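J.: turn this into a model:
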Amino acid sequence: IAGEYNSFQSDAECLSLMYEVLSKMNIGDFKLRINHVSILKGILQQCDVATDKIPFVLEILADLSHKPWSAISEILLYFQLVESLSTLDKLQYYFTADFNLLLCLPKHFPELLNSKLVTQGLKDLTIICNLCRSFGVPSSVIKCDLTLVRKFQYYTGVIFEAVPLISLESLPPVGYIASGGRYDNLIGTMDQRKKPKSLPSVGVSIEVDVIAGYLEARKYGEETLKQEIELFQRLRGPDSPVDFPQMKSEKVNQPFELKPAKGMRDHHADQMIFRKKVFNTITNIFKNHNAVFLETPIYELRDILTGKYGEDSKLIYDLENQDGEQVSLRYDMTVPLARFLCQNMIQNYKRYQIAPVFRRDQPSFQTGRYRQFYQCDFDIAGSYDCIDSDFECISILHEVLSQLNIGDFRIKINHRQFLECLFNVCGVPSEKFSQVCSSVDKLDKKPWDEVRRELLEEKQIDPSCADKIGLQVVRKGGCQLVDELLSNVDIDAHPLGRVSLNNLRQVLILCEKAGLLDKVQFDLSLARGLDYYTGIIFEAILIDTDTYNEKSISVGSIAGGGRYDNLVGMFGDLNVPCVGLSFGIERLCTTLENKHNAQSPEINKYSLPSPKMIYVITAQKDLVEHRITVCQELLSAGFTVATSLKPNPKYLTQIQEAEERSIPLAIILGSSEIENKQVKLRILSPVVQEELINRADMIDRVSS
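T.: Reported below is the predicted structural model:
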């Protein structure tokens, strides 16, 4: 939450969000530990820690959750972060005490109240804890814990984390499963203006993988749970500390441009409307085809990826040495799938995956080409009827693009074995097949003259051979084109010619029976440059006219795929035939966004409102706790709730925001309504109406 809002309300909302999420996950008993940076700094000052060393001492103290004090003290002494043993004793005295700050600190450590920082921090925590109760968080779940220290130096106010309570004494602590805090100055450090402005902010982060592993481990007993917890602790990072004396200040001294890296972009709330539509449509269709979800790592061992993408291998992002391993960001999700199948000896699998991939390509924002972009993959692995599997992938392409109503499109199909046959007949040596495919694959971006020049100058292809290729790659059609090609004596005599063309004929016949043939076309210019393809290949493109005549102009590939029967076998003895497809989300979303903006330039702020969305409005000042309580009741009943985060927002400003966001209902609270245990229900559209209702009847009334 970023903005000039009521900071205490925002802090309490983040804590209540953590409580709500973890409660619904059936994680078991847990505690919400909270502390305040001002308290920590005040105590370190009382312990005579030098001001310039306070950030580093706090970073060391953050390891108290999984290291004994003896190890902490050794590190503090080794890096000379404390001046004397007496300072070390004071730190141990305060930071090893297990108590509730609000209850025990004034009683047991009254000397700390001499610090203005400590006093202010205690006041802030008291307000936040009271607001948490208004949000429905039980007091028994919250512990104001002095030993809670967060490593990140950008925190400025309240800090918090959630930890599960494990009753088995033999198990080590699992550590935090959610965390966050207030960071009011972080944005200001990035402002390069002469008078930089900051933006108060607070946030929470849920450790999804840790929680999932913890929940799974609980099913399999104490020993498995112990192994999982030890894994969590290793994943937190190395035990060895950073060499603090050599660390530089985090303050930004050098000017820099505030923008995403080249080829990257942020996605604003209005853009996410289109992205969510695309994601949801594709996911539902994949599920309808009985696919299961798989998630693979964002980077792989470099040897896994190299040698699979032909000339495009130069676009792979290589990372620095990772603990002795050479790794690279994934270029696609097909090769990681093949690695997964071979590693786990899986011979039959139908899966989908939606995740970002990375390519060091030349970006073009106008056409939706980025260096990081999402792909939606669907793959069928196993010894099934290959024609049926190939057709299913093509039918999914058609189904997704039709449901998205993205405009006119064409699905081009071809066959890698037929291309090998065709290029051989044209005089291409077998060893140059992949190179020629890579060049021909660029025909959707370059005219034939440029591709021909590349074949002659870079690939050293004979001019007469290139001219023969040029005559063939312009041909398009259906089963009639298949028959024409089979009538060529050289193609028919080639060992790959008749088999591959008959496969294409069978797929085209299935498309005709399914009513897809008006969108599917056999296109000899389609080559797909990736080396691992072995059979049918296909690609979907958008076109800007309603007919497939010579004047139709392609606006780019939006999906593609093909058969890759030998890829899994590259990683081991397991040989699994596969076929798959991949949607390029960025280009789909860019097209949908442009289409929407052309038809309706105005778009709702933030997001499209839900029919169950309600705006809670306060009509007078000092009604924050009442507003929070009403919001919590509505949230618990399943409503989407919006409200101002300012402590005393203007009434008309709240009404205006609700109307701008097209929110249908508002609940209005005033002093008279509170006194009479009522609320005012305001219907904002289509016709403004207001009525007083009893507070006890609020949920039933707004539900109706």
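J.: residue 556 should be in a strand, yeah?
T.: Yes - residue state for residue 556 (DSSP: H, G, I helix; E, B strand; the rest coil) corresponds to a strand.
J.: from residue 454, how far out is it?
T.: 20 Å (CB to CB, to the nearest Å). (Glycine included, C-beta is placed from N, CA and C.)
J.: and stretch 395-413, C-alpha only, in CSV?
T.: Extracted as CSV, the C-alpha positions of stretch 395-413 are listed here (Å, rounded to 0.1, in the frame of the first residue of the first chain):
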residue,chain,number,x,y,z
SER,A,395,-7.9,-27.3,-32.3
ILE,A,396,-6.8,-25.7,-29.0
LEU,A,397,-5.1,-22.9,-31.0
HIS,A,398,-8.4,-22.3,-32.8
GLU,A,399,-10.5,-22.5,-29.7
VAL,A,400,-8.4,-20.0,-27.7
LEU,A,401,-8.2,-17.4,-30.5
SER,A,402,-11.9,-17.7,-31.2
GLN,A,403,-12.9,-17.3,-27.6
LEU,A,404,-10.6,-14.3,-27.1
ASN,A,405,-12.4,-12.6,-30.1
ILE,A,406,-9.0,-11.2,-31.0
GLY,A,407,-9.7,-10.7,-34.7
ASP,A,408,-9.1,-12.6,-37.9
PHE,A,409,-6.4,-15.2,-37.7
ARG,A,410,-4.8,-18.0,-39.7
ILE,A,411,-3.2,-21.2,-38.5
LYS,A,412,-0.3,-22.2,-40.8
ILE,A,413,0.9,-25.8,-40.7
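J.: quick one: that stretch to chain centroid distance?
T.: Put simply, stretch 395-413 sits 25 Å off its chain's centre (CA atoms, centre = their mean, to the nearest Å).
J.: again, but for stretch 580-588
T.: Using CA atoms, centre = their mean, the offset of stretch 580-588 from its chain centre is 16 Å.
J.: what's next to that stretch, contact-wise?
T.: 275, 278-279, 282, 332-334, 337, 354, 367-370, 373-380, 393, 396-397, 400, 404, 406, 538, 556-562, 564 (CB atoms under 8 Å, 6 or more residues apart in numbering).
J.: sorry, back to before: of residue 556 and residue 454, give the one with the bigger neighbour count.
T.: residue 454 (19 against 16; other CB atoms under 10 Å).
J.: in the helix or strand that contains that one, what's buried?
T.: Residue 454 belongs to helix 448-457 when assigned by DSSP states H and E. By 16 or more other CB atoms under 10 Å, the buried positions in helix 448-457 come out as 451, 452, 454, 455.
J.: now swap in stretch 72-90 and tell me
T.: 72, 73, 75, 76, 79, 81, 82, 87, 88, 90.
J.: how close does the fifth one get to residue 648?
T.: What that stands for is residue 79. 47 Å.
J.: give the residue farthest from the middle of the protein.
T.: Within the chain, the residue lying farthest from the chain centre (CA atoms, centre = their mean) is residue 489, at 53.0 Å.
J.: give me the pLDDT for it.
T.: pLDDT for residue 489: 87.
J.: next one: residue 98
T.: Residue 98 is assigned a predicted lDDT (pLDDT) of 72.
J.: you'd agree it is up against residue 143?
T.: No - Residue 98 is not in contact with residue 143 according to CB atoms under 8 Å; the separation is 9.5 Å.
J.: quick one: which of the two has more around it?
T.: In terms of neighbours (other CB under 10 Å), residue 143 is the more surrounded of residue 98 and residue 143; the figures are 18 against 9.
J.: hang on, the more buried one in a strand?
T.: Yes - using three-state DSSP, the assignment for residue 143 is a strand.
J.: i'd like the first residue to be 33 from this point on
T.: Understood, numbering begins at 33; the last thing we discussed is residue 175.
J.: who's it bridged to?
T.: Judged by DSSP bridges, the bridge partners of residue 175 are residue 65.
J.: show the contacting residues for it.
T.: So residue 175 contacts 63, 64, 65, 66, 132 (CB under 8 Å, 6+ apart).
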